[in-house]
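Asks: what follows is a predicted protein model with its sequence.
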Amino acid sequence: MNAPEIPLKSYKSLQGLRVVAETNVQSDSKMHFVVPPPLTEKVSGTTGHFRTYRPRPFTREERASTTILFGGLHWRVERVLQGMLTNQGYASEILPTATREDMLTGREVADIGQCCPTSFTTGNLANYLRSAAQRIGAEQVAKDYIYVTAGSCGSCRFGQYHQSYELALRNIGMESFRMFMLGQDKLDQGDKAGGGLKLDMPFLLGAIWATVVTDVVQDMEYQIRPYEVHPGETDKVARECVEYLHEVFRKRPARGKKLGALLWHLGTNYFTDAMREVRRRFDQIEVDRLRVKPLVKITGEFYLQTVEGDPNYNIHHWLESEGAEVYPAAITIWFDYLMRLAGQNFEDHIGIERYSRLKLGSLHTAQWLLRWTYMRMRRATGMVPHELPDQRELRELAAPYFNSRLDGGEGDMLIGKALWAYHKKKAHMICELSPYSCMPNTMSVGAMATVVGRYPDLLYAPLEIKGDAEVHALSRCQMILTEAKKRAQREYEEVLERTGFTEASLLEAIAARPELKRATYRIPHYGVAGTAANLVLHLAADITRLKITKP
């Protein structure tokens, strides 16, 4: 029979509602009833409280016989980090760049609600361990290897990566395999469980310096490759430089454990001398910077903007193949942003929490030292790599559109970087890479809708990366890229008209100055985005100076 209707006003609690057995409801009803199990019945998988993942200890005695697995970045920084790990006494192996097959495995063995980067990284680890287990057995793999990756907390699912990894390990039958998370918000984290993994000051400083120098190498590589006269030369030199830096970090001198190590890293010429050698090697490449190309700045979720391969549809090399120059995302900017977030927290607690002002001052000093170190490496390479944008400026640019206290993912920095590139003519186009269903990036894309409404000539291509929708994402990017190419060509022609140069006179001026064909010759920024347009303005400025100084 049917239950009598209850007036809406009596719905003050659940006590007034009658529970009706499903068999008594008419078959054409659209309602669906789920009958809960009896309270005495145990539901599979819920027999105990949730316990966070706790790996078996990794002891000091195991260090010599255990290999650290890591990955998830671009190949340059991974290789130099491997040299740093060897220097610290660890055997290490870099996981191969994730593939689409890894993504499918990740979806199969881990949480189906995970974001795209988690699918790739989880599947990547699972497939590697499966392959290793086939060679030496699962028990030996669990004994001989550990996995080290970054961890976090907050609104981004990055804070739940460990759960996806744990689920994947269970589903491939390797529950005893050990993985350790490095907190991204601490510099000196001491010994991990067992003491085998010592995240002390020399370790973390080595990781930071390795990241800074490879950011510089990557930036130079992407500035040079689109204009190389002999195809493939830039890739060859970049790999030689990365191998050289691997040896530099492998042989890094030991200088103290805390303050001594910090002072040595800040004051030594060991790394700047190495970067001068890097510049010398890149200097051998001949370039033709009169090729008109749109400059595309990459932004987005950390993993997708950093990795180069299937996880982001090989977007960096695809853009180059379509005739663009790529402005890559430096990992150092992420470090700078993390310190800015921590500083904001201290700002909010001044007058509430003791020593907040002192902590804020210390953090600002650390931030300045990071940026100063990056600038030292830039100077050693002739100031060719791009500068780091100022975090305060990024926050101010983004403030009308995104609250700086919403810190999931890259937070307001995505909006700030887009506006910084637009207002300062640092790029013709922004390409933002967002994981499918990523909450922080969904918020930034929503905020960017307002930004584009206010600045309709800002070329913005938000690509939602699912891992298996390459044609859709790249075709969308190509539509914006077509407009960016037109803009770059128009900009170049306007500069020619303004300076009075012709194609013939340009070639003549460059032939008279052979240094302009060197890859490490620095072309200053003259308020236009394109490399060719800036070169024309540079030549015009030099001619003007010669006329002024001529007696």
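Replies: Looks like it came in fine. Numbering: from 1, shown residues only.

Asks: the helices in the stretch 151-300 of the chain, which residues?
Replies: Secondary structure of the stretch 151-300 of the chain, counting by DSSP state H, counting those that start in this stretch: helices at 161-171, 201-224, 233-250, 259-267, 270-282.

Asks: looking at these, which is nearest to Gly527?
Replies: Gly527 lies closest to helix 201-224 among the helices of the stretch 151-300 of the chain, at 18.1 Å (CB to CB). C-beta here means a position set from N, CA and C on the backbone, and glycine is covered the same way.

Asks: look up how far Gly71 lies from Arg79.
Replies: Arg79 sits at a distance of 11 Å from Gly71 (criterion: CB to CB, to the nearest Å).

Asks: which neighbours do the two have in common?
Replies: Ile94 (CB atoms under 8 Å, 6 or more residues apart in numbering).

Asks: surely Asn534 meets Pro524?
Replies: Yes: Asn534 is within contact range of Pro524, at 7.1 Å (criterion: CB atoms under 8 Å).

Asks: who has more neighbours, these two?
Replies: Neighbours were counted for Asn534 and for Pro524 using other CB atoms under 10 Å; Asn534 has more, 22 against 10.

Asks: next, the more buried one: secondary structure please.
Replies: At Asn534 the chain is in helix, as set by DSSP: H, G, I helix; E, B strand; the rest coil.

Asks: now do Ala98
Replies: Under three-state DSSP, Ala98 comes out as coil.

Asks: surely Thr149 touches Ser164?
Replies: No: contact criterion CB under 8 Å: Thr149 and Ser164 do not qualify, at 11.2 Å.

Asks: compare those two (neighbour count), which wins?
Replies: Comparing Thr149 with Ser164 by other CB under 10 Å, the one with more neighbours is Ser164, at 23 against 18.

Asks: my read: the more buried one touches Ala110, true?
Replies: Yes: taking contacts as CB under 8 Å, Ser164 lies within contact range of Ala110: 4.3 Å.

Asks: identify the contacts common to those two.
Replies: Shared contacts of Ser164 and Ala110, counting by CB under 8 Å, 6+ apart, come down to 118, 122.

Asks: OK, contacts around Arg281?
Replies: Taking CB under 8 Å, 6+ apart as the test, what Arg281 contacts is 237, 240-241, 244.

Asks: what distance do you get for it to Glu240?
Replies: Remark: distance between Arg281 and Glu240 (CB to CB) = 6 Å.

Asks: residues near Phe346, how many?
Replies: Using other CB under 10 Å, Phe346 is surrounded by 19 other residues.

Asks: didn't it look like it was pressed against Ser362?
Replies: No: applying CB under 8 Å as the test, Phe346 and Ser362 come out as separate, 9.0 Å apart.

Asks: in the stretch 1-150 of the chain, which spans are strands?
Replies: Secondary structure of the stretch 1-150 of the chain, counting by DSSP state E, counting those that start in this stretch: strands at 67-70, 91-94, 145-151.

Asks: please tell me how far His246 sits from Thr544.
Replies: For His246, the distance to Thr544 equals 45 Å [CB to CB].

Asks: cool, Arg239 as well?
Replies: Distance from Arg239 to Thr544, by CB to CB: 41 Å.

Asks: among the two, which residue is more densely surrounded?
Replies: Set Arg239 next to Thr544 and count neighbours by other CB under 10 Å: Arg239 wins out with 14 against 11.

Asks: mean pLDDT lowest where, among the helices of the stretch 151-300 of the chain?
Replies: When the helices of the stretch 151-300 of the chain are ranked by mean pLDDT, helix 161-171 comes last with a mean of 84.

Asks: helices or strands up against it?
Replies: helix 100-109, helix 116-136, strand 145-151, strand 178-183 (3 or more CB pairs under 8 Å, 6 or more residues apart in numbering; DSSP states H and E).

Asks: and the ones you listed as CSV, adding mean pLDDT?
Replies: Shown next, in CSV, are these (pLDDT from 0 to 100):
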stretch, mean pLDDT
helix 100-109, 93
helix 116-136, 93
strand 145-151, 87
strand 178-183, 80
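
Asks: now distance to Phe335 too, for these, in TSV please.
Replies: Converted to TSV, those look like this (distance: least, CB to CB, whole Å):
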stretch	distance to Phe335
helix 100-109	27
helix 116-136	19
strand 145-151	12
strand 178-183	13
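
Asks: who wins for proximity to His317 among these?
Replies: helix 100-109 (16.0 Å).

Asks: pull out the buried positions in that closest one.
Replies: Using 16 or more other CB atoms under 10 Å as the test for burial, helix 100-109 gives 100, 102-107, 109.

Asks: closest to Glu233 among those residues?
Replies: Out of these, the member with the shortest distance to Glu233 (by CB to CB) is Arg100, at 30.3 Å.

Asks: now render the strands of the stretch 1-150 of the chain as JSON lines, adding distance to Leu290.
Replies: Shown next, in JSON lines, are the strands of the stretch 1-150 of the chain (distance: least, CB to CB, whole Å):
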{"stretch": "strand 67-70", "distance to Leu290": "42"}
{"stretch": "strand 91-94", "distance to Leu290": "38"}
{"stretch": "strand 145-151", "distance to Leu290": "42"}
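
Asks: may I ask which helix or strand of the chain has the lowest mean pLDDT?
Replies: Here the helix or strand of the chain ranked lowest by mean pLDDT, DSSP states H and E is strand 190-191, holding a mean of 48.

Asks: Cys115 contacts Tyr436, doesn't it?
Replies: Yes: Cys115 is in contact with Tyr436 according to CB under 8 Å; the separation is 6.9 Å.

Asks: any idea what sits nearest Glu78, other than its immediate chain neighbours?
Replies: Nearest residue to Glu78 in three dimensions, chain neighbours excluded: Ile94, at 4.8 Å (CB to CB, 6 or more residues apart in numbering).

Asks: what number of residues lie near the one you found?
Replies: Ile94, neighbours per other CB under 10 Å, totals 16.

Asks: just the one 3 residues further on next, same as before
Replies: Burial of Thr97, expressed as a neighbour count using other CB under 10 Å, amounts to 20.

Asks: does it touch Asp310 like I think?
Replies: Yes: here Thr97 reaches Asp310: they are 7.3 Å apart, a contact under CB under 8 Å.

Asks: list the contacts of the residue nearest to Asp219 when sequence neighbours are not counted.
Replies: Nearest in space to Asp219, with sequence neighbours left out and distances taken as CB to CB, 6+ apart, is Pro385 at 3.8 Å. Contact partners of Pro385, counting by CB under 8 Å, 6+ apart, are 215-216, 219-220, 223, 377-378.

Asks: show me the two of these that sit farthest apart.
Replies: So, those by CB to CB: farthest apart are Gln223 and Met377, at 14.8 Å.

Asks: quickly find the element holding the closest residue to Leu516 other than its chain neighbours.
Replies: Excluding the flanking residues, the one nearest Leu516 by CB to CB, 6+ apart is Ile510, at 5.2 Å. For Ile510, the host element (DSSP states H and E) is helix 503-511.

Asks: quick check: mean pLDDT of that helix?
Replies: Per-residue scores along helix 503-511 average to 92.

Asks: buried stuff in that helix?
Replies: Here helix 503-511 shows 506, 509-510 as buried, counting by 16+ other CB under 10 Å.

Asks: name the nearest of these relative to Gln134.
Replies: When those are compared against Gln134 (criterion: CB to CB), the nearest one is Ile510, at 57.4 Å.
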